[in-house]
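>>> coordinates for the following, if possible.
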Amino acid sequence: MRLRNRYYPYPVIIKGGDYYTDSSFSSSVRQVMDGYNIKLTLEAELKDEKLLNMIENGEACYAHHIECPQTCFRRIVKTNDRQVDYLLKDADINGSIQVCSFVIANRDIDKYTNDSFSPDYRGWKFRIEKGCILAVGNQFNIRVDKQKNDLANTSSIFSIVKNLDPVATVFTVELTKQKIVIALPEITYNQYSSVQDYIDIQPVMHSMLIIPALSYTFCELRQAGDQLYEYEENRWFIGLKKACGAIGITLDEENLKTMDIIKVPQLLLDSPVFKAIAYCSMGGSVYED
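As a prediction, this is how the structure comes out:
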């Protein structure tokens, strides 16, 4: 939604308005990448003793309206806290989002009055219905540049092959080739080959094979330390570095020292574990994203 100038049948705190004296309401939005998702930190700054008391006792609340015109995504985040975090999923948004903040009535309010009313309204009492706007904050138009590098397409930097050792019982990971090579025991590889093209089962395969392989890879890169250059010409390293950059992670020696090598692979694959578990819990039925 876009904020437009409008008239209200009762006093509202609004920039440029003359309903109140010495009262104000403003808001701010900060965004950081959380994997391929965006975490919004929504903050409100209200200067009005009456409305602050109403928020404290539940008569009113802060309401942040989030909308993506391109995807028709809409959410209203209601809170009594001045600051709240909200996670926008990558699939819900595209192009740009609009964030508008308000103070709204949390229930019907009879005989609303405020000592901060301007002289024209001082002493008046108004009936405010639940959901009505009491204060209008700022509007923010935030550009969302999707830079998703789809590591879920395993052919990009991974090669899953058959282990030629006839007595192998575990899978191995090799980093010396242009792709990260995952070698499966022969029987397991044959079973994998028969199901790998089924879209619904891919989160299971990613959870069992790709996430452990990435965790191993980051562990090896961390141990490489100042010898990281030995991997930098490999195709898989270039792709992995690009994917990390898309979620705000710099793949270098310094960051590898503190990297959460369990969490980051999940973020890079857009968190397939919960989809895998949902799929298995329904006996292999199609899950809803």
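>>> Trp12 contacts Gly137, doesn't it?
Trp isn't right for residue 12; it's Val. No. Counting by C-beta atoms under 8 Å, Val12 stays clear of Gly137, with 11.4 Å between them. To be clear about C-beta, it is placed using only N, CA and C from the backbone, and glycine gets the same treatment.
>>> between those two, which one's more packed in?
Neighbour count, other C-beta atoms under 10 Å: between Val12 and Gly137, Gly137 has more, with 27 against 19.
>>> for that one, helix, strand, or coil?
Recorded secondary structure, Gly137: strand (DSSP: H, G, I helix; E, B strand; the rest coil).
>>> before we move on, what about Asp260?
Reduced to three states by three-state DSSP, Asp260 is coil.
>>> so who does Ile211 touch?
Ile211 is in contact with Pro265, Gln266, Leu269, Pro272, Val273, counting by C-beta atoms under 8 Å, 6 or more residues apart in numbering.
>>> that one - that's part of a strand, no?
No. Counting by three-state DSSP, Ile211 is located in no strand; its state is helix.
>>> which regions of the stretch 101-250 of the chain sit below the pLDDT cut-off?
In the predicted model, the stretch 101-250 of the chain carries pLDDT under 70 at residues 145-155.
>>> what about the helices in it?
For the stretch 101-250 of the chain, the helices defined by DSSP state H, counting those that start in this stretch occupy 186-195, 202-205, 211-224, 235-246.
>>> of all these, which one comes closest to Asn94?
Nearest to Asn94 among those is helix 235-246; the distance by C-beta to C-beta comes to 15.1 Å.
>>> now the closest one: buried residues?
Within helix 235-246, the residues scored as buried using 16 or more other C-beta atoms under 10 Å are Trp236, Phe237, Gly239, Leu240, Lys241, Ala243, Cys244, Ala246.
>>> residues contacting Arg74?
Contacts of Arg74 by C-beta under 8 Å, 6+ apart are His65, Ile66, Glu67, Cys68.
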